[in-house]
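In: need a structure here:
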Amino acid sequence: MAIIAFIGLGNMGGPMAKNLLKAGHEVRGYDLSEQAVAEAVAAGARKAGTPTEAVKDADVIVTMLPAGKHVRGAYGGQGGLIAGARKGALLIDCSTIDVESARAVAKEAADKGLEMVDAPVSGGVGGAAAGTLTFMVGGPDAAFAKARPILEKMGKNIVHCGGAGNGQAAKICNNMILGVSMIAVSEAFMLAKRLGLDAQKLYDVSSTASGQCWSLTTYCPVPGPVPTSPANRDYQAGFTAAMMLKDLLLAQQAASAAGASTPMGAEAAQLYNIFVNAGRGAMDFSGIVKMLDGK
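Out: Numbering: from 1, shown residues only. Just a heads-up that it's a prediction; the model follows:
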């Protein structure tokens, strides 16, 4: 079993670390939130007073941080995780960040002789708790081979997407599809409402016809058709609107840098920006249907 330093024990990182503990690994946890650390310790983790203390002699370092600037700050510099890691340690960043930052940190690690993968996730808090996350992994073949057994303790689908940064590329492309499709599904239900078509009837048709998609059949944005969707619990977040906006903006940043045309992605980012700025950032992203309904 490995000694794993886990930096970032929030809504996603906490459950992920617990699954590593269940698998028999020793986990040293660090987070700015004392409550998050306390919950990890209660599950069997060892508390680390600083990130440097967490990574000392660790076989694997896993990070789950908010944004690219946090990942660069955590890994880089004289007091960073790269400098503090032992020779032969494997670095796994599960944050969702910009591709440029992911590649910059991976290069810094490689320059120090360390193997690293970017491994952002899909599946939300429920998937993190259940250990059914999808990991989109970027990095060299050898690093991926070492990371896979660790990732398999936290997720069900582990996909190697190519070189450094390609995990992030896959994540933002996937979530651009998700954001656009959620808006399309929401618009269809609001149109149906105004045309006098019952939501269940639309669902019965579209869920088995050409309009079928994950945003409809798994995460239906209106109450009723899919009992497990957030729409049936007042849009309590599984994946917040603020996080969706973050990913859509990352996609737009990448599209601009790559010279890619993404008009639907750009429109989705604008709509989620309006929704979040209206004070709905903590609501589930499927709650955008309420704004499209004029509420």
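In: so where do the strands sit in the protein?
Out: Ranges of strands within the chain are 3-7, 26-30, 46-47, 60-63, 90-93, 115-118, 121-122, 133-138, 155-162, based on DSSP state E.
In: want to try JSON lines for these, with mean neighbour count and distance to residue 269 as columns?
Out: Yep, even glycine has a C-beta here, placed from its N, CA and C like the rest. Converted to JSON lines, the strands of the chain look like this (neighbours: other CB atoms under 10 Å; distance: least, CB to CB, whole Å):
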{"stretch": "strand 3-7", "mean neighbour count": "26", "distance to residue 269": "29"}
{"stretch": "strand 26-30", "mean neighbour count": "24", "distance to residue 269": "33"}
{"stretch": "strand 46-47", "mean neighbour count": "14", "distance to residue 269": "39"}
{"stretch": "strand 60-63", "mean neighbour count": "25", "distance to residue 269": "26"}
{"stretch": "strand 90-93", "mean neighbour count": "26", "distance to residue 269": "24"}
{"stretch": "strand 115-118", "mean neighbour count": "28", "distance to residue 269": "22"}
{"stretch": "strand 121-122", "mean neighbour count": "20", "distance to residue 269": "18"}
{"stretch": "strand 133-138", "mean neighbour count": "25", "distance to residue 269": "20"}
{"stretch": "strand 155-162", "mean neighbour count": "18", "distance to residue 269": "23"}
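In: so what's the nearest residue to residue 39 once chain neighbours are set aside up against?
Out: In space, residue 39 comes closest to residue 14 once its chain neighbours are excluded; the distance is 5.9 Å by CB to CB, 6 or more residues apart in numbering. Taking CB atoms under 8 Å, 6 or more residues apart in numbering, we find residue 14 in contact with 36, 39-40, 128.
In: Nearest to residue 113 among these?
Out: residue 40 (29.7 Å; CB to CB).
In: That closest one against residue 19, yeah?
Out: No: contact criterion CB atoms under 8 Å: residue 40 and residue 19 do not qualify, at 11.6 Å.
In: Could you chop the chain up by domain?
Out: Domain segmentation of the chain under automatic domain parsing yields 3-163, 169-292.
In: right, so the ones you listed: which one is the most enclosed?
Out: Of all these, domain 3-163 has the most neighbours on average by mean count of other CB atoms under 10 Å, namely a mean of 20.
In: In a markdown table: the strands of the chain, plus distance to residue 75 and mean pLDDT.
Out: Listed next are those as a markdown table, based on distance: least, CB to CB, whole Å; pLDDT from 0 to 100:
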| stretch | distance to residue 75 | mean pLDDT |
| --- | --- | --- |
| strand 3-7 | 10 | 98 |
| strand 26-30 | 14 | 97 |
| strand 46-47 | 21 | 97 |
| strand 60-63 | 8 | 98 |
| strand 90-93 | 7 | 98 |
| strand 115-118 | 9 | 98 |
| strand 121-122 | 18 | 94 |
| strand 133-138 | 15 | 98 |
| strand 155-162 | 20 | 98 |
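In: out of the ones you listed, which comes closest to residue 187?
Out: strand 121-122 (23.3 Å).
In: Listing partners with orientation, what would you give for the closest one?
Out: Under the criterion DSSP bridges, strand 121-122 sits next to strand 133-138 (antiparallel) in its sheet.
In: tell me the contacts of residue 32?
Out: Residue 32 neighbours (CB under 8 Å, 6+ apart): none.
In: Quick one, grab the pLDDT at it.
Out: Residue 32 carries a pLDDT value of 96.
In: same thing with the one 4 residues further on?
Out: With respect to pLDDT, residue 36 scores 97.
In: my guess is it meets residue 6, correct?
Out: No: look at residue 36 against residue 6 with CB under 8 Å: they stay out of range, at 10.6 Å.
In: what do these two both touch?
Out: With contacts defined as CB under 8 Å, 6+ apart, the residues shared by residue 36 and residue 6 are residue 13.
In: distance of the residue nearest to residue 39 from residue 259?
Out: 39 Å (CB to CB, to the nearest Å).
In: Check this structure for its longest helix and report it.
Out: If you go by DSSP state H, the chain has its longest helix at helix 166-194.
In: I'd like to know the average pLDDT value across it.
Out: In this model, helix 166-194 has a mean pLDDT of 98.
In: what angle do that helix and strand 155-162 make?
Out: 120 degrees (axes from the mean of the first three to the mean of the last three CA atoms, to 10 degrees).
In: how about the nearest residue to residue 186, chain neighbours excluded?
Out: residue 289 (3.8 Å).
In: list the contacts for the one you found?
Out: Applying CB under 8 Å, 6+ apart to residue 289 gives the contacts 186, 189-190, 221-222, 231.
In: which pair in the residues you listed spans the largest distance?
Out: Pairwise distances among those were taken by CB to CB; the largest, 12.9 Å, belongs to 190 and 231.
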